[in-house]
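Peer 1: With the sequence up front, the predicted model follows.
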Amino acid sequence: MPKISQKNKTAFCIVTPSFNQAQFLEQTIKSVLDQSGDFDLHYFVADGGSTDASKKILEKYADKLNFVSEPDAGQTNAINKGIAYFSKLEPEYAQIIFAYINSDDYYLPDAFALVSSYFSQHKKAQWLVGDAAIVDENNKQIQSFVQIYKKVLRQLYVPQLLSILNPIPQPATFVRWEAIDQVGTFDESLKFTMDYDYWQRLQQKFGRPHFLPQTLAAFRIHSSSKGGSQFTQQFAEELAVAKRYTTNQVLLFLHKAHIFVITAIYRMIK
């Protein structure tokens, strides 16, 4: 794994799982590479053997990132490939921060600078969560009420809340490498909620996340995205994950009730 030293330097290790999303991929890549601040950037894209223009886009940026383009076992497997890649890095840093950003999402300017500053000032923080905008295929902000709703929930956050719902926006979540090293890789049996499962494991090990109020990233909903077209399956898997970490029937009932309400809302707005 990347070694931790007393050198006054931060490194970001970012992985992007990619498959046939060329129309969004370059924006994702640029949002990572264009981050500015006093840190080193290690960027790895795990492409699952895309048949569109994704590989050509990756080759265009080959001098600024590392990538593989080969068949894989899905999104979670691709994320774990990135963790395996970063585990072999040798440079020593004062702190190493890990995150993954999907190939249809993107970071906002100065996100890494804000995250680096927070971790530098809060040495005991193991995972940090900011806000994320929700956008459509044309980068237009949508579903602002969902963003506001989840932001309010994070302001009221108690650990039990994570058993009821997931208010943590994946693209705006950053984790210290020491925590990744202790918690391990993502669960490849999960298709939709590998992030929710990971948040549960992080919370069990290190307690509740730290929060930033700033919007750090954009989460995209479009016709072919998991979040946009397969929400019923996603919620079913989320409930199964919740049952892994609590046997409290009240919390599980509230989880089911929340799914019922949110599913009804999703059907109305589609």
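Peer 2: Thanks, I have it. Numbers count the residues shown, from 1 in each chain.
Peer 1: Give me the buried stretch members for whichever strand or helix holds Ala257, please.
Peer 2: Using DSSP states H and E, Ala257 maps to helix 249-269. For helix 249-269, the buried set under the neighbour-count rule, 16 or more other C-beta atoms under 10 Å, comprises 251-252, 254-255, 258-259, 266. Just so you know, the C-beta spots here come from the backbone N, C-alpha and C atoms, and that holds for glycine as well.
Peer 1: ditto for stretch 122-133
Peer 2: Neighbour counts over stretch 122-133 (16+ other C-beta under 10 Å) mark 125-133 as buried.
Peer 1: Quick one: end-to-end length of it, please.
Peer 2: For stretch 122-133, the first-to-last residue distance is 25 Å (C-alpha to C-alpha, to the nearest Å).
Peer 1: picking up where we left off before, where strands are concerned, which of the buried residues of stretch 122-133 count?
Peer 2: Counted as lying in strands by DSSP state E, out of these, are 127-133.
Peer 1: Could you take those and lay them out as a markdown table, with extra columns for distance to Phe24 and pLDDT?
Peer 2: Putting these into a markdown table (distance: C-beta to C-beta, whole Å; pLDDT from 0 to 100) gives the following:
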| residue | distance to Phe24 | pLDDT |
| --- | --- | --- |
| Trp127 | 26 | 99 |
| Leu128 | 25 | 99 |
| Val129 | 23 | 99 |
| Gly130 | 20 | 99 |
| Asp131 | 20 | 99 |
| Ala132 | 15 | 99 |
| Ala133 | 15 | 99 |
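Peer 1: Switch these over to a markdown table; also include distance to Ala236.
Peer 2: Compiled in a markdown table, those are given as follows (distance: C-beta to C-beta, whole Å):
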| residue | distance to Ala236 |
| --- | --- |
| Trp127 | 26 |
| Leu128 | 29 |
| Val129 | 24 |
| Gly130 | 28 |
| Asp131 | 27 |
| Ala132 | 23 |
| Ala133 | 27 |
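Peer 1: before we move on, the earlier item: tell me what the helix holding Ala257 is packed against?
Peer 2: Using 3 or more C-beta pairs under 8 Å, 6 or more residues apart in numbering; DSSP states H and E, the elements in contact with helix 249-269 are helix 161-164, helix 231-245.
Peer 1: So for stretch 40-50, what gets flagged as buried?
Peer 2: Buried residues in stretch 40-50, counted by 16+ other C-beta under 10 Å: 41-48, 50.
Peer 1: and Thr173, what is it in contact with?
Peer 2: Thr173 is in contact with 99, 127-130, 195, 199, 209, counting by C-beta atoms under 8 Å, 6 or more residues apart in numbering.
Peer 1: Tell me the one among the residues you listed nearest to Ser224.
Peer 2: Asp195 (18.9 Å; C-beta to C-beta).
Peer 1: Check whether that closest one really touches Gln170, as I assumed.
Peer 2: Yes - the pair Asp195 / Gln170 is scored as a contact, 4.4 Å apart, by C-beta atoms under 8 Å.
Peer 1: ok so, going back, now the helix holding Ala257: how far from the chain's centre is it?
Peer 2: 23 Å (C-alpha atoms, centre = their mean, to the nearest Å).
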